[in-house]
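Peer 1: Just a sequence and a predicted model for now, questions to come.
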Amino acid sequence: MAQISIQALDIQLGGNAIISQLNLEVREGEFLVLLGPSGCGKSTLLHSIAGLIDVSDGSIAIGGKDVTWADPKDRGIGMVFQSYALYPTMTVEQNMAFGPRISGVPKTEIAKRVARAAGMLHLTELLQRKPANLSGGQRQRVAIGRALVREAAVFLFDEPLSNLDAKLRAELRRELKELHADLGATMVYVTHDQVEAMTLASRIAVMRGGAIQQIDTPAAVYSQPANMYVAGFLGSPSMNFVEGHLQCQDGRTRFVADALTLDVSGYAFVHSPAEGQRVVLGVRPEDIAVSLTPHSDATHNDGLPAQVRLVEPMGPNQVLWLKVQGLDIGVTCDAKLQASKGGTVVAHIHTPHVSLFDAASQNRL
Amino acid sequence: MTMATTPSKRRPAKAWTPARIGTYAFLLSAAAFFLMPLYVMLVTSFKTMDEVRESSIFALPLLPTVEPWVVAWSSACTGLECKGLQVGFWNSVQIVLPSVFFSILLGAINGYALAFWRSRFANLLFGVLMIGVFVPYQVIMYPLVRLLSSVGLFGSLPAIVVIHSIFGMPVMTLLFRNYYTGIPQELFKAARIDGGGFWRIFWELMLPMSTPILIVATIMQVTGIWNDYLLGLIFGGTQFSPMTVQLNNIVNSTFGERAYNVNMAATILTSAVPLFIYLVSGRWFVRGIASGAVKG
């Protein structure tokens, strides 16, 4: 077990700055997920932690030891790749034993470690097979097993589940979470899949353009996004944005737009609001209650008449795409609600859960 | 109940359309055209000299004899000696085996280094090596002769092996580099994390994965080096002239009547090794050409 400390990291590939001045602290035993779209530098960051990419500037320390220029094998890491990267000419057992054999671990110890990892990952029956004779899920298990037998302090995962089908992905996701609980090792996990990030992470670091936008627990990143980019990236359907301005009157603060007015006096402003400030209101689809008739209570606004443009049934719930006075809004609601295309409903915004962003800087207010 | 339609077990035979007949006619005539010289060589090699003189070159031998083959192999005169082609055959074997081994080993190591261990000057080095593919080697023959004689290797077996290994290196490097760039980088990175160094990854991981390209490289080098004439003539000296050089001596240095039957038998014997390799491994050979290494 070890913490990772990255300071003022610069990485250039082919003359382009991929990452500049990045700082990151991964705590001991933490499951940190690096989340972002392709090309945001998350894999580059992971590979630099592994020592597979040379850094231009800054430092990386694992377990308190500076490893900025250390060889990959001397960093005490195990890594799992998206394409599994199993050695095709070796059996499952040889694949797992390769690392410890090179580092001179005694044979009996290797056998013990392989047997234990195989047991944990349900691979005992497959030990004598070649990778070509394994299914995708089995191959990824072997790749995880190969990282495990290294008995590393830090495990790095580079989109390990992206090549699997949906059902296997969910299954292996659960196994990974259990594995983390059992081992208690530090894990850094790169993905572009927000479901993986939300379910696995102790903390999520949302990345964009080589910089970390926000790093926090999954719940905090989801409910209090630091800026509009994070807000829009997490959640499906994504957050609804409404442009407007703030109105401060009689000690109350209101959000005013063409389509709606919302009392946001209860909002936890980080910076005190200014009269007339241009802002963007963000509302999650599940924070809008839909009913067929208007009703009102303390935490919802008065209700906006809306027209149903499209209905997407999802099984337990459904997504309604509404038109509210020229605004397109997505709403998640119970599947039992009888809504049909072209009909009208009333939308109530759950005021305590809204987010407000500055229109110019796009940062959370 | 209705009758179930039973699917026919066999694929229906194709009809003989004019297009099909045309295709076959063209292919057969092309094959006949290219096989004709071989046919002439074969029938001539089984004739006596009297028959060679009197009959048509296409006629089958009336009194087939293996005498020309025996003469070509064991007693034809190659200059002053009259021991036949067998001396040249064993010379060629001695030249081909180490040359093929070293040129492939060098090419594989170079290709592996260029594909995975991106050193700063990798592209420059590769470019320089590739110039070697395009420079006609006749141009650098004289400097090479001077170089080898200055280190006292000229006209020996090591000389010809070294020369073949060097001349084979650019194409072998290209072949292996192209093969190794097709292998995912992640595999190499995984091996690096597992602690593999340059040689261990090469011997334990990459080389065992290289079987197809090793076969292709072997075919190319065996046929190429076996068929070589110029390098063998210049660097082999008198002691290690390969079979091709001996063949030339047999064919071009006869006095009086030309023994066409012996010449034909000797030529077939000399080309038997590459011919055999082509026939056995045509599939692999085509793959080698397709993988980006074209050698004349």
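Peer 2: Received the coordinates, thanks.

Peer 1: what's the pLDDT at residue 223?
Peer 2: Unless you meant another one, I'm taking chain A. Per-residue pLDDT puts residue A:223 at 92.

Peer 1: ah, I was thinking of chain B
Peer 2: 89.

Peer 1: Kindly tell me how buried the residue in the stretch 1-150 of chain B positioned nearest to chain A is, as a neighbour count.
Peer 2: Closest to chain A within the stretch 1-150 of chain B is residue B:118: 10.5 Å, counting by CB to the nearest CB. For glycine as for every other residue, the C-beta is placed from the backbone atoms N, C-alpha and C. Neighbours of residue B:118 under the rule other CB atoms under 10 Å in any protein chain shown: 11.

Peer 1: and what of the one 10 residues further on?
Peer 2: Close neighbours of residue B:128, defined as other CB under 10 Å, add up to 11.

Peer 1: Get me the contact residues on the stretch 101-250 of chain B for chain A.
Peer 2: B:184, B:186-187, B:189-196, B:200, B:204-205, B:208-209 (CB under 8 Å from any CB of the partner chain).

Peer 1: ok, residue A:310 - contacts?
Peer 2: A:320, A:321, A:341 (CB atoms under 8 Å, 6 or more residues apart in numbering or on different chains).

Peer 1: mind checking the SS state of it?
Peer 2: strand (DSSP: H, G, I helix; E, B strand; the rest coil).

Peer 1: What about the contacts of residue A:310, which one has the most neighbours?
Peer 2: In terms of neighbour count, residue A:320 stands highest of the contacts of residue A:310 at 27 neighbours, by other CB under 10 Å.

Peer 1: Now the helix or strand where residue A:167 lies - C-alpha only, CSV.
Peer 2: Assigned by DSSP states H and E, residue A:167 belongs to helix A:166-183. What follows is helix A:166-183, C-alpha atoms only, in CSV (Å, rounded to 0.1, in the frame of the first residue of the first chain):
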residue,chain,number,x,y,z
ALA,A,166,-22.2,-4.8,-21.3
LYS,A,167,-23.1,-7.8,-19.1
LEU,A,168,-19.5,-8.9,-18.6
ARG,A,169,-18.5,-5.3,-17.9
ALA,A,170,-21.0,-5.1,-15.0
GLU,A,171,-19.9,-8.4,-13.6
LEU,A,172,-16.2,-7.6,-13.7
ARG,A,173,-16.9,-4.2,-12.3
ARG,A,174,-18.4,-5.8,-9.2
GLU,A,175,-15.4,-8.2,-8.9
LEU,A,176,-13.0,-5.3,-9.1
LYS,A,177,-14.8,-3.5,-6.4
GLU,A,178,-14.7,-6.6,-4.2
LEU,A,179,-11.0,-7.1,-5.0
HIS,A,180,-10.3,-3.5,-3.9
ALA,A,181,-12.1,-4.1,-0.7
ASP,A,182,-10.2,-7.4,-0.1
LEU,A,183,-6.7,-6.1,-1.0
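
Peer 1: List the buried residues of that helix.
Peer 2: Using 16 or more other CB atoms under 10 Å in any protein chain shown as the test for burial, helix A:166-183 gives A:168, A:169, A:172, A:173, A:175, A:176, A:179, A:180, A:183.

Peer 1: And the average pLDDT for that helix is what?
Peer 2: The model assigns helix A:166-183 a mean pLDDT of 91.

Peer 1: Indicate each strand paired with whichever helix or strand comes after that helix and its parallel or antiparallel sense.
Peer 2: Moving toward the C-terminus from helix A:166-183, the next helix or strand (DSSP H and E) is strand A:186-191. Counting by DSSP bridges, the strands paired with strand A:186-191 are strand A:31-35 (parallel), strand A:154-158 (parallel).

Peer 1: Quick one: name whatever helix or strand follows strand A:186-191.
Peer 2: Downstream of strand A:186-191, the first helix or strand assigned by DSSP H and E is helix A:194-200.

Peer 1: Pull that next one out as CSV, backbone CA atoms only.
Peer 2: This file holds the C-alpha atoms of helix A:194-200, laid out as CSV (Å, rounded to 0.1, in the frame of the first residue of the first chain):
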residue,chain,number,x,y,z
GLN,A,194,-19.2,7.5,-16.0
VAL,A,195,-21.0,4.4,-14.6
GLU,A,196,-17.7,2.7,-13.9
ALA,A,197,-16.4,5.9,-12.3
MET,A,198,-19.5,6.4,-10.1
THR,A,199,-19.7,2.8,-9.0
LEU,A,200,-16.0,2.0,-8.3
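
Peer 1: Which residues does the helix or strand following it contact?
Peer 2: Reading on from helix A:194-200 to the C-terminus, the next helix or strand found by DSSP H and E is strand A:203-208. Strand A:203-208 has contacts (CB under 8 Å, 6+ apart) with A:24, A:30-37, A:40-42, A:45, A:197-198, A:212-218, A:221, A:229-230, A:233-234.

Peer 1: can we see that at 6 Å?
Peer 2: Here strand A:203-208 makes contact (CB atoms under 6 Å, 6 or more residues apart in numbering or on different chains) with A:32-36, A:40, A:42, A:197, A:212-215, A:217-218, A:221, A:229-230.

Peer 1: Pull out the buried residues from stretch A:281-289.
Peer 2: For stretch A:281-289, burial by neighbour count (16+ other CB under 10 Å) applies to A:281, A:282, A:283, A:284, A:285, A:286, A:287, A:288, A:289.

Peer 1: thinking the second one is in contact with residue A:230, fair?
Peer 2: No. Look at residue A:282 against residue A:230 with CB atoms under 6 Å: they stay out of range, at 10.3 Å.

Peer 1: who's in contact with residue A:130?
Peer 2: By CB under 6 Å, 6+ apart, the contact set of residue A:130 is residue A:91.

Peer 1: quick one: it from chain B, how far?
Peer 2: The gap separating residue A:130 from chain B is 12 Å, by CB to the nearest CB, to the nearest Å.

Peer 1: For the helix holding residue A:167, what is the distance to the chain centroid?
Peer 2: Helix A:166-183 has its C-alpha centroid displaced from the chain centroid by 15 Å (CA atoms, centre = their mean, to the nearest Å).

Peer 1: Next: stretch B:36-48.
Peer 2: Put simply, stretch B:36-48 sits 23 Å off its chain's centre (CA atoms, centre = their mean).

Peer 1: For the residue most central in space within chain A, report the pLDDT, please.
Peer 2: Closest to where the C-alpha atoms of chain A average out (CA atoms, centre = their mean) is residue A:197, at 3.2 Å. Here, the pLDDT recorded for residue A:197 equals 94.

Peer 1: Quick one: classify residue A:328 as helix, strand or coil.
Peer 2: strand.

Peer 1: how many other residues sit next to it?
Peer 2: Residues near residue A:328, counting by other CB under 10 Å, number 11.

Peer 1: Bridged to it, which residues?
Peer 2: Counting by DSSP bridges, residue A:328 forms beta bridges with residue A:323.

Peer 1: gap between it and residue B:66?
Peer 2: Residue A:328 is 92 Å from residue B:66, where distance means CB to CB, to the nearest Å.
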